[in-house]
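Participant: What would the 3D arrangement of this be:
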Amino acid sequence: MWKWIQAFASPRNFYQTSAKIIPWMMVPFIALSLLGLYWGLVLSPSDYQQGESVRIMYVHVPAAWMSLFIYIVMAVSGAIGLIWQIKLAHVVAKVSAPIGAVFTLLALITGSVWGKPMWGTWWVWDARLTSELILLFLYLAYISLNNAFDNPKTASKASAILAIVGLVNIPIIYYSVEWWNSLHQGSSISVNKISMQIDMFIALMLISFAFKFLYAALVLMRARDEVLVQEQNSRWVKEVIGDQ
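Facilitator: Numbering: from 1, shown residues only. This is a model prediction of the structure:
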């Protein structure tokens with residue numbers, strides 16, 4: 001298993017193999033998105049309290065989940081790059097940051113749109129909202145720090161340390177509604193129970209998996225470009241450019 005990972009982590013092998021994987025990520029993304037939107041907008045019922053505005057959930061909740069998931073991937077990749085000196089791990093962390101920032105911004109915007117009819121305001125300095133906003137700032141700080149150094153190795157190490165330190169915010173976001181008095185509703189999905197109608201749950205899961213396939217495809221596409229930039233003086237890159 002480790003030998004396969006090492007082989008895939010080779011820039012040349014990654015560039016060649018990832019081209020074959022990307023279509024297998026995009027097709028499920030499109031299929032699951034269409035099915036999820038149909039399930040969420042047509043088949044799932046409106047909420048007895050929130051009415052039709054509950055349908056914002058099918059974008060807001062998966063986007064919020066992705067904002068946490070991508071940051072964890074980014075931090076773990078940075079740690080792998082620091083410990084085992086695998087350049088591709090730093091590449092994955094670097095290209096994940098803008099994607100995670102977009103998902104975080106999407107979660108904040110849709111949350112504000114959802115909060116307006118529920119709370120009567122676009123924004124409150126609630127523990128969940130504030131910690132999610134801090135997550136956006138962490139993404140932006142990572143991107144800025146990664147671009148602040150002329151030496152790519154120094155940039156990768158410094159930004160990886162920032163990402164690892166920032167992990168402390170993830171449990172704060174997740175447990176904020178339990179640790180503090182919060183306007184934000186608690187989790188409707190846990191290991192022990194699902195506190196929503198089954199059609200709502202199915203739509204939520206379909207969009208959630210669609211977003212994960214989208215993230216995987218975007219990471220592979222952006223990582224391929226980043227690998228070409230970092231390995232531009234390598235013979236295999238010149239061969240690739242020559243073939244094109």
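Participant: Share the number of residues neighbouring residue 178, please.
Facilitator: By the measure other C-beta atoms under 10 Å, the count of residues near residue 178 is 10. Bear in mind the C-beta positions are built from the backbone N, C-alpha and C, glycine included.
Participant: Would you mind giving the secondary structure of it?
Facilitator: helix (DSSP: H, G, I helix; E, B strand; the rest coil).
Participant: Now for the residue nearest to the spatial centre of the chain: which residues touch it?
Facilitator: The residue lying closest to the centre of the chain (C-alpha atoms, centre = their mean) is residue 70, at 3.3 Å. Taking C-beta atoms under 8 Å, 6 or more residues apart in numbering, we find residue 70 in contact with 96, 99-100, 103, 215.
Participant: Then residue 68?
Facilitator: Residue 68 neighbours (C-beta under 8 Å, 6+ apart): 135, 170, 173-174.
Participant: Buried among the residues you listed? Make that a PyMOL selection.
Facilitator: The PyMOL command for the buried members of the contacts of residue 68 (criterion: 16 or more other C-beta atoms under 10 Å) is given here:
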select buried, resi 135+170+173
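Participant: In helices, which of the contacts of residue 68 fall?
Facilitator: Among these, DSSP state H puts 135, 170, 173-174 in helices.
Participant: before we move on, back to that, which positions within the strand or helix carrying the residue nearest to the centre of the chain qualify as buried?
Facilitator: Using DSSP states H and E, the element containing residue 70 is helix 57-84. Within helix 57-84, the residues that count as buried by 16+ other C-beta under 10 Å are 57-71, 73-82.
Participant: and it, what's its mean pLDDT?
Facilitator: Averaging pLDDT along helix 57-84 gives 96.
Participant: Distance check, the residue nearest to the centre of the chain against residue 85.
Facilitator: Separation of residue 70 from residue 85 (C-beta to C-beta, to the nearest Å) stands at 23 Å.
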